[in-house]
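Colleague: sequence plus the predicted model coming up.
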Amino acid sequence: MAPGPGFEPRYTAPEAVVLPLDDPGKVVWCLQNIGMGEGGQGAVDSVLGWLGMVELPAFTLRRNPRSRCVRLAIYRDGRFIVTAPMHADQRLIERFVREKAAWVQEKLAYVQALPPPLLPRSTKKDYLMHKTAAMTLVTERLAHFNTHYQQVFTRVCIRDQRSRWGSCSRRGNLNFNYRIVLLPPSIADYIIVHELCHLREFNHSPRFWALVAEMIPEYRECRATLRKHPLRLS
(Lines give C-alpha, C1' and ligand atoms only; values in the text may rest on other atoms or scores of the structure.)
Protein backbone atom coordinates (compact mmCIF):
# COMPACT_ATOMS: atom_id res chain seq x y z
CA MET A 1 0.00 0.00 0.00
CA ALA A 2 1.40 3.39 -1.01
CA PRO A 3 1.53 6.42 1.31
CA GLY A 4 -1.69 8.37 1.76
CA PRO A 5 -2.23 11.33 -0.58
CA GLY A 6 -1.87 13.89 2.21
CA PHE A 7 1.53 12.65 3.34
CA GLU A 8 4.58 14.55 2.17
CA PRO A 9 7.76 13.57 4.06
CA ARG A 10 10.59 16.07 3.88
CA TYR A 11 14.14 14.80 4.23
CA THR A 12 17.59 16.15 3.70
CA ALA A 13 19.72 14.37 1.15
CA PRO A 14 22.32 11.89 2.48
CA GLU A 15 25.38 13.80 3.56
CA ALA A 16 28.83 12.22 3.33
CA VAL A 17 30.96 13.82 6.01
CA VAL A 18 34.61 13.72 4.98
CA LEU A 19 36.61 12.73 8.06
CA PRO A 20 39.95 11.00 8.60
CA LEU A 21 39.54 7.24 8.90
CA ASP A 22 41.73 7.34 12.01
CA ASP A 23 38.85 8.85 13.94
CA PRO A 24 36.21 6.13 14.25
CA GLY A 25 34.57 7.85 17.18
CA LYS A 26 33.07 10.37 14.79
CA VAL A 27 30.28 10.14 12.28
CA VAL A 28 31.21 8.96 8.81
CA TRP A 29 27.74 9.53 7.39
CA CYS A 30 24.74 11.33 8.77
CA LEU A 31 21.15 11.49 7.53
CA GLN A 32 18.29 13.34 9.17
CA ASN A 33 14.71 14.32 8.53
CA ILE A 34 13.68 17.96 8.80
CA GLY A 35 9.99 17.30 9.40
CA MET A 36 7.91 14.44 10.71
CA GLY A 37 5.58 14.72 7.74
CA GLU A 38 2.14 16.19 7.32
CA GLY A 39 -1.24 14.77 6.54
CA GLY A 40 -2.60 13.54 9.86
CA GLN A 41 -2.56 10.24 11.72
CA GLY A 42 -4.37 8.45 8.92
CA ALA A 43 -1.55 9.23 6.52
CA VAL A 44 1.01 8.10 9.10
CA ASP A 45 -0.82 4.79 9.60
CA SER A 46 -0.87 4.36 5.83
CA VAL A 47 2.87 4.84 5.58
CA LEU A 48 3.55 2.52 8.49
CA GLY A 49 1.53 -0.20 6.82
CA TRP A 50 3.35 0.37 3.55
CA LEU A 51 6.74 0.02 5.28
CA GLY A 52 5.75 -2.85 7.54
CA MET A 53 7.44 -5.42 5.35
CA VAL A 54 10.79 -3.56 5.31
CA GLU A 55 13.27 -5.09 7.75
CA LEU A 56 14.22 -2.70 10.53
CA PRO A 57 18.03 -2.38 10.87
CA ALA A 58 19.29 -2.78 14.45
CA PHE A 59 20.13 0.55 16.06
CA THR A 60 20.75 2.31 19.36
CA LEU A 61 18.17 4.98 20.14
CA ARG A 62 19.16 8.13 22.01
CA ARG A 63 16.56 10.64 23.14
CA ASN A 64 17.80 14.21 23.18
CA PRO A 65 15.74 17.05 24.66
CA ARG A 66 17.42 19.52 22.30
CA SER A 67 16.83 17.46 19.18
CA ARG A 68 14.14 18.66 16.78
CA CYS A 69 14.46 15.92 14.19
CA VAL A 70 15.27 12.24 13.82
CA ARG A 71 18.94 11.75 12.97
CA LEU A 72 20.67 8.59 11.71
CA ALA A 73 24.44 8.37 12.16
CA ILE A 74 26.84 5.66 10.99
CA TYR A 75 30.13 5.67 12.89
CA ARG A 76 33.53 4.49 11.79
CA ASP A 77 33.49 1.64 14.32
CA GLY A 78 30.22 0.28 12.92
CA ARG A 79 27.78 1.79 15.41
CA PHE A 80 24.39 2.86 14.09
CA ILE A 81 22.93 5.57 16.37
CA VAL A 82 19.49 7.09 16.00
CA THR A 83 18.90 10.37 17.84
CA ALA A 84 15.35 11.61 18.29
CA PRO A 85 13.39 14.26 20.23
CA MET A 86 12.31 13.21 23.71
CA HIS A 87 8.65 12.76 22.81
CA ALA A 88 8.95 11.56 19.21
CA ASP A 89 6.59 8.67 18.47
CA GLN A 90 8.48 5.35 18.38
CA ARG A 91 6.54 4.35 15.27
CA LEU A 92 7.62 7.49 13.43
CA ILE A 93 11.24 6.85 14.38
CA GLU A 94 11.06 3.29 13.10
CA ARG A 95 9.33 4.51 9.95
CA PHE A 96 12.25 6.79 9.13
CA VAL A 97 14.77 4.01 9.82
CA ARG A 98 12.86 1.61 7.59
CA GLU A 99 12.62 4.16 4.80
CA LYS A 100 16.39 4.57 4.88
CA ALA A 101 17.20 0.87 5.47
CA ALA A 102 19.01 0.48 2.14
CA TRP A 103 21.12 3.58 2.83
CA VAL A 104 21.98 2.30 6.32
CA GLN A 105 22.97 -1.16 5.13
CA GLU A 106 25.14 0.30 2.38
CA LYS A 107 27.06 2.51 4.80
CA LEU A 108 27.39 -0.22 7.44
CA ALA A 109 28.80 -2.59 4.82
CA TYR A 110 31.37 0.04 3.88
CA VAL A 111 32.68 0.65 7.39
CA GLN A 112 32.66 -3.07 8.21
CA ALA A 113 34.90 -3.69 5.18
CA LEU A 114 37.53 -1.23 6.39
CA PRO A 115 40.77 -2.68 7.83
CA PRO A 116 40.95 -3.37 11.57
CA PRO A 117 42.41 -0.75 13.92
CA LEU A 118 46.05 -0.74 14.94
CA LEU A 119 45.05 -0.37 18.60
CA PRO A 120 42.09 -1.59 20.68
CA ARG A 121 39.43 0.67 22.14
CA SER A 122 40.76 2.59 25.14
CA THR A 123 39.44 4.30 28.27
CA LYS A 124 40.37 7.12 30.63
CA LYS A 125 41.96 4.50 32.87
CA ASP A 126 44.25 3.48 29.99
CA TYR A 127 45.32 7.10 29.56
CA LEU A 128 46.27 7.43 33.22
CA MET A 129 48.03 4.09 33.12
CA HIS A 130 50.19 4.85 30.07
CA LYS A 131 50.69 8.62 30.32
CA THR A 132 54.00 8.46 32.23
CA ALA A 133 55.44 5.74 30.02
CA ALA A 134 54.43 7.73 26.93
CA MET A 135 56.18 10.84 28.25
CA THR A 136 59.35 8.84 28.94
CA LEU A 137 59.32 7.37 25.45
CA VAL A 138 58.66 10.70 23.73
CA THR A 139 61.29 12.68 25.67
CA GLU A 140 63.94 10.03 25.12
CA ARG A 141 63.29 9.73 21.40
CA LEU A 142 63.04 13.51 20.97
CA ALA A 143 66.46 13.87 22.57
CA HIS A 144 67.81 11.16 20.28
CA PHE A 145 66.51 12.68 17.04
CA ASN A 146 67.19 16.25 18.07
CA THR A 147 70.92 15.58 18.13
CA HIS A 148 70.45 15.65 14.36
CA TYR A 149 67.78 18.33 13.91
CA GLN A 150 68.90 20.75 16.65
CA GLN A 151 65.43 22.25 17.09
CA VAL A 152 64.26 24.27 20.09
CA PHE A 153 60.82 23.49 21.53
CA THR A 154 58.93 25.03 24.43
CA ARG A 155 57.31 22.06 26.09
CA VAL A 156 56.10 18.50 25.52
CA CYS A 157 52.64 17.31 26.52
CA ILE A 158 51.02 13.88 26.50
CA ARG A 159 47.29 14.03 25.80
CA ASP A 160 44.32 11.77 25.27
CA GLN A 161 43.70 13.10 21.75
CA ARG A 162 40.74 11.72 19.87
CA SER A 163 41.87 12.28 16.30
CA ARG A 164 45.59 13.04 16.25
CA TRP A 165 48.77 11.16 17.00
CA GLY A 166 50.63 14.41 17.55
CA SER A 167 50.67 18.13 16.90
CA CYS A 168 53.05 21.08 16.88
CA SER A 169 52.06 24.66 17.66
CA ARG A 170 53.67 27.83 16.38
CA ARG A 171 54.71 28.53 19.96
CA GLY A 172 56.93 25.47 19.86
CA ASN A 173 54.71 23.17 21.92
CA LEU A 174 54.77 19.48 20.98
CA ASN A 175 51.74 17.34 21.85
CA PHE A 176 51.57 13.58 21.53
CA ASN A 177 48.81 11.03 21.90
CA TYR A 178 49.50 8.74 24.87
CA ARG A 179 48.74 5.75 22.62
CA ILE A 180 52.09 6.33 20.94
CA VAL A 181 53.64 4.13 23.61
CA LEU A 182 51.51 1.22 22.35
CA LEU A 183 52.67 1.51 18.74
CA PRO A 184 55.49 -0.39 17.05
CA PRO A 185 58.75 1.53 17.68
CA SER A 186 59.23 2.45 14.02
CA ILE A 187 55.78 4.05 13.84
CA ALA A 188 56.26 5.90 17.12
CA ASP A 189 59.60 7.25 15.86
CA TYR A 190 57.96 8.49 12.67
CA ILE A 191 55.32 10.42 14.63
CA ILE A 192 57.94 12.00 16.88
CA VAL A 193 60.16 13.02 13.97
CA HIS A 194 57.14 14.31 12.06
CA GLU A 195 56.25 16.77 14.82
CA LEU A 196 59.87 17.67 15.47
CA CYS A 197 60.32 18.63 11.82
CA HIS A 198 57.29 20.91 12.00
CA LEU A 199 59.33 23.17 14.25
CA ARG A 200 61.40 24.05 11.18
CA GLU A 201 58.81 23.54 8.43
CA PHE A 202 55.29 24.33 9.63
CA ASN A 203 53.73 22.73 6.55
CA HIS A 204 53.76 19.53 4.49
CA SER A 205 55.83 20.83 1.62
CA PRO A 206 58.52 18.80 -0.20
CA ARG A 207 61.04 20.51 2.10
CA PHE A 208 59.21 19.14 5.13
CA TRP A 209 59.17 15.56 3.84
CA ALA A 210 62.81 15.76 2.85
CA LEU A 211 63.55 16.80 6.42
CA VAL A 212 61.60 13.85 7.80
CA ALA A 213 63.38 11.48 5.42
CA GLU A 214 66.76 12.45 6.86
CA MET A 215 65.99 10.30 9.93
CA ILE A 216 62.98 8.25 8.77
CA PRO A 217 63.71 7.29 5.14
CA GLU A 218 60.80 4.81 5.22
CA TYR A 219 58.31 7.52 6.25
CA ARG A 220 55.95 6.69 3.38
CA GLU A 221 55.46 3.17 4.71
CA CYS A 222 54.82 4.55 8.19
CA ARG A 223 52.22 6.99 6.88
CA ALA A 224 50.52 4.18 4.98
CA THR A 225 50.37 2.04 8.11
CA LEU A 226 48.70 4.79 10.14
CA ARG A 227 46.17 5.42 7.37
CA LYS A 228 45.42 1.74 6.90
CA HIS A 229 44.99 1.01 10.61
CA PRO A 230 42.92 3.81 12.15
CA LEU A 231 42.60 4.64 15.80
CA ARG A 232 39.64 3.10 17.59
CA LEU A 233 38.61 5.62 20.19
CA SER A 234 36.20 5.29 23.06
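Modeller: Yes, it's here. Residues are numbered from 1 along each chain as shown.

Colleague: show me the contacts for residue 189.
Modeller: For residue 189, the contact set (Cβ atoms under 8 Å, 6 or more residues apart in numbering) comprises 141, 145, 215, 216. Where you see a C-beta, it was placed from the backbone N, CA and C, and this is true even at glycine.

Colleague: next, the contact list for the first one, please.
Modeller: In other words, residue 141. By Cβ under 8 Å, 6+ apart, the neighbours of residue 141 are 188, 189, 192.

Colleague: all helices of the protein, in order?
Modeller: With DSSP state H, the ranges of helices along the chain come out as 40-51, 90-99, 101-112, 124-149, 185-198, 206-213, 219-228.

Colleague: any chance of CSV for the ones you listed, columns distance to residue 171 and mean pLDDT?
Modeller: Shown next, in CSV, are the helices of the chain (distance: least, Cβ to Cβ, whole Å; pLDDT from 0 to 100):
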stretch, distance to residue 171, mean pLDDT
helix 40-51, 56, 41
helix 90-99, 47, 88
helix 101-112, 37, 86
helix 124-149, 17, 94
helix 185-198, 12, 96
helix 206-213, 19, 97
helix 219-228, 25, 90
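
Colleague: tell me the most buried of those helices?
Modeller: Across the helices of the chain, the average number of neighbours (mean count of other Cβ atoms under 10 Å) peaks for helix 185-198, which reaches a mean of 21.

Colleague: quick one: that helix to helix 124-149, angle?
Modeller: Going by axes from the mean of the first three to the mean of the last three Cα atoms, to 10 degrees, helix 185-198 is angled at 60 degrees with respect to helix 124-149.

Colleague: pretty sure residue 146 sits against residue 197.
Modeller: No: between residue 146 and residue 197 there is no contact under Cβ atoms under 8 Å: 10.7 Å.
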